[in-house]
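Novice: For reference, the sequence and a predicted model appear below.
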Amino acid sequence: MKAAVNVIIPALNESAAISKVIGDIPDFVQEIIVVDNGSTDTTAEMAKNAGATVLHESKKGYGHACLKGLDYLKNLDQKTDIVVFLDGDYSDYPEQMSDVIAPITDNNMDFVLGSRKKNLSEKGAMQPQQRFGNWLATRLMTLFFNSKFTDLGPFRAIKYEVLNSLDMRDQTYGWTVEMQLKILKQKFTYCEIPVKYRNRIGVSKVSGTLKGTIFAGVKILSWIFKYSFK
């Protein structure tokens, strides 16, 4: 299957990293969409110069940026088969995209999560609170939904038609877990692919601050409990 793959990268003040991210994305990708989420640096300019389509979303929040990217895809003339999400901080390895989309193109899987395995991650790439939060969230998902997920990682691929059917709503840190919960609830097929993970360039907006860590944790848990009793 030769799939039309588009990439969405939410970005906030990632001028030091965004060109590297774009440069490592495989050539088979149809379009790279960087959604500048109110950056005060040169993220947008760097992304454009590196060959990406740059959108602007002034409403702060990871989900807001992703939704902006989806709105753009809906208005494209060319078709989209698969959407890949990546972070703009160079913590992911975009060159692994072929591995991440392979279960969709080869086995008709609906959703693939790039799972950040500890033995494949650089030391310090994930903070202790991140690992604990992932462990707790995925354990709860296993308990309530018999889930096989082991991570909530940002590097993920999904069939475009499936993504549209999920009716994604979260505007901030709950975006990733909302997607996985809806995959589980609606009985779509999914799997994980182990991916490498490295120390990001710059300071994380989530795990890098106490406020971000707490807010992300609350959002993730609230989505899980909301769907558990639905």
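Specialist: The structure has been received and is ready for your questions. Just so we're clear, the structure is a prediction, and the values are computed from it rather than from any experiment.

Novice: can you pull out the strands in the chain?
Specialist: Taking DSSP state E as the test, the strands found in the chain are 5-11, 31-36, 53-56, 82-85, 111-121, 156-159, 190-197.

Novice: In the protein, which residue is most central in space?
Specialist: Pro154 (3.0 Å; C-alpha atoms, centre = their mean).

Novice: Tell me the spacing between Val177 and Gln130.
Specialist: Using C-beta to C-beta, to the nearest Å, we find Val177 at a distance of 13 Å from Gln130. From N, CA and C alone the C-beta is placed, and that goes for glycine too.

Novice: same deal with Pro10?
Specialist: Pro10 sits 18 Å away from Gln130, going by C-beta to C-beta.

Novice: who's in contact with the nearest residue to Met97 once chain neighbours are set aside?
Specialist: Nearest residue to Met97, sequence neighbours excluded (C-beta to C-beta, 6 or more residues apart in numbering): Pro26, at 5.3 Å. Neighbouring residues of Pro26 by C-beta atoms under 8 Å, 6 or more residues apart in numbering: Pro94, Glu95, Met97, Ser98.

Novice: Ok, Tyr227 next?
Specialist: With C-beta under 8 Å, 6+ apart, Tyr227 has these contacts: Phe144, Phe145, Leu181, Lys185.

Novice: what's the answer for Ile82, then?
Specialist: Ala3, Ala4, Val5, Asn6, Ile101, Ile104, Thr105, Ala157, Ile158, Lys159, Tyr160.

Novice: follow-up on the earlier one: Pro10 and Gln130: who's more crowded?
Specialist: Taking other C-beta atoms under 10 Å, Pro10 and Gln130 do not tie; Pro10 has more neighbours (27 against 18).
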